[in-house]
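Peer 1: no FASTA, just this:
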C-alpha cells in the first residue's frame, strides 16, 4: 500500500491532469495569437515588411531583451559593451547562452526558454491554486495572467516566465512540505530577478502557518536560509567582474536613474507629472500611476482575502517596485505579483466583472504589444 501511495503521489506531481492540458491548450492558443497579431500589427503600423526568415522574432527583441542577449554572448565586465549591465541578473542569460551553444542563435534560444517556461509556469500556477480553490477559479486566474496588459513579456527574451516558474515552484514545494526544493528554487530566483529575496519572508510566513496548524517543528524550514545563497552568488559575481560586490547599485543609479527612496517619493513625482496630452506622458507616467494604484489596492485586499504568505509576496514586490526616486516599469513588475490574478479570478465569479476584466486586459494587451514590437517604450 505504501508503494502504491508513493506511485500515486509521483504521478500527481509529475503527470499531467486534465486541468493541466487545458492550461497547455490555453497557453498555446494565446502564444500563437500573440505572435500572429504582433507580426500583423508591426507590418500595418510600420508600413514595412519583416526582414529575413526570423523577422517575426526580431520584432520581439526590444529594450531589455537586447541587454540579456548581450550578456549571454559577452558575459559581465567592468569595461566594454556590458559595463552598464551589472544590474541585470545572470541566471537567465546563462541559460540563453547554454541553449544557444549548438545553434548560435541567441534570440531563438531566449524565445524557446521563455516559451517552455510559460507552459511550466501556467501548470504550476494552476496546481498551486488547486490547493485552495476550485478548478474554475484556477483556470480563470491562469487566463488573467496570460491576457494581462503586460503579459507580452511572457513571449520574448525577458525573465518573467522563468522567474514565475521558480516562484510558483517554491511556493508549491513549501506548501507540500518539500522545503529543500523551495530553498533551491528560491536561491535560483535570487539569481534571476531582484524580487527573489522576497521569498524569504513569504516562506517564513508559510512555515509559521504550518507550525500553527501542526504545532510541530520541521527542520526542513531551515532551507529557507538557503535562498540567501543565490543573493550571495549575485554579489560574488559583482565582485568578480568589478572588484565591488555592490557595483550594481552604482551602475543602476548612474545609467538607469534607479536610486532607492521611500515609495511616496517616486509616486508623488509620477502623480505630479501626469499628462494626458502626449503618448509619452500616457506610457511613461499615466499608465505607471494606474498600475501602481492597482498593485497597492491588490496588496491591501490580499491581506483580507488571500493566504498571508501570498500577501507578503505581493506587498514586498509592490514596495520594491515603488521604492525608487524614478519609478518605471511597474506594469511589467506586476506580472510577478501573482496574487493580483487570484483576486481577479475571485472577482470574476460574477459575469459582469469577468467581462470588464477581460475586455480591459485584451484592449491594453493589444495596444502595449503593438507599441513594444515597434520599438516604442512599453515598460
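Peer 2: Nice, I can see it. This one's a predicted model, so the numbers in the text were calculated from it and none came from an experiment.
Peer 1: Point me to the helix or strand that includes residue 353.
Peer 2: When secondary structure is defined by DSSP states H and E, residue 353 falls within helix 351-373.
Peer 1: residues making contact with that helix?
Peer 2: 34, 37-38, 41-42, 45, 59-60, 62-63, 140, 144, 147-152, 156, 283, 331, 344, 347-348, 377-379 (C-beta atoms under 8 Å, 6 or more residues apart in numbering). C-beta: built from backbone N, CA, C; applies to glycine.
Peer 1: Using ChimeraX, make a named selection holding only the buried ones among the residues you listed.
Peer 2: What follows is the ChimeraX syntax for the buried subset of the contacts of helix 351-373, where burial is set by 16 or more other C-beta atoms under 10 Å:
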select :34,37,38,41,42,59,60,62,63,140,144,147,148,149,150,151,152,156,283,331,344,347,348,378,379
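Peer 1: so of the contacts of helix 351-373, which ones are in helices?
Peer 2: Secondary-structure check on the contacts of helix 351-373 using DSSP state H: residues within helices are 34, 37, 38, 41, 42, 45, 140, 144, 331, 344, 347.
Peer 1: Look up how far residue 268 lies from the last one.
Peer 2: Residue 347 sits 29 Å away from residue 268, taking C-beta to C-beta, to the nearest Å as the criterion.
Peer 1: can you check the third one too?
Peer 2: To residue 268, residue 38 is 35 Å away according to C-beta to C-beta.
Peer 1: just the fourth one next, same as before
Peer 2: Between residue 41 and residue 268 the distance, using C-beta to C-beta, works out to 35 Å.
Peer 1: Quick check, residue 257 in contact with residue 329.
Peer 2: No: assessed by C-beta atoms under 8 Å, residue 257 is found out of contact with residue 329, at 11.9 Å.
Peer 1: So for those two, which sits in the more crowded spot?
Peer 2: A side-by-side neighbour count of residue 257 and residue 329, using other C-beta atoms under 10 Å, places residue 329 first with 19 against 11.
Peer 1: Might you report the residue contacts of that one?
Peer 2: The contact partners of residue 329, by C-beta under 8 Å, 6+ apart, come to 288, 321, 379.
Peer 1: Show me these that map onto strands.
Peer 2: When DSSP state E is applied, these are split such that none fall in strands.
Peer 1: Tell me the one of those residues nearest residue 166?
Peer 2: Closest approach between these and residue 166, by C-beta to C-beta: residue 321, at 18.0 Å.
Peer 1: Tell me how many other residues surround the closest one.
Peer 2: For residue 321, the tally of surrounding residues (other C-beta under 10 Å) stands at 26.
Peer 1: swap in residue 119?
Peer 2: Burial measure for residue 119: 17 neighbouring residues, criterion other C-beta under 10 Å.
Peer 1: my guess is it meets residue 24, correct?
Peer 2: Yes: proximity of residue 119 to residue 24 meets the contact threshold set by C-beta under 8 Å, at 6.0 Å.
Peer 1: tell me the contacts of the closest residue to residue 100 other than its chain neighbours?
Peer 2: Nearest-residue entry for residue 100: residue 109, 3.9 Å, with adjacent residues in sequence omitted and distances by C-beta to C-beta, 6 or more residues apart in numbering. When the contact criterion is C-beta under 8 Å, 6+ apart, the partners of residue 109 are 72, 96, 97, 99, 100, 103.
Peer 1: ok, and the second one, which helix or strand is that part of?
Peer 2: For residue 96, the host element (DSSP H and E) is helix 91-99.
Peer 1: What residues sit buried inside the helix or strand that that helix is followed by?
Peer 2: Counting by DSSP H and E, the element after helix 91-99 in chain order, helix or strand, is helix 106-130. Within helix 106-130, the residues scored as buried using 16+ other C-beta under 10 Å are 106-115, 117-130.
Peer 1: closest to residue 262 among the ones in helices among the contacts of helix 351-373?
Peer 2: Taking C-beta to C-beta as the measure, residue 262 sits nearest to residue 331 out of the ones in helices among the contacts of helix 351-373, at 21.5 Å.
Peer 1: do you know how far that closest one is from residue 115?
Peer 2: For residue 331, the distance to residue 115 - C-beta to C-beta - is 21 Å.
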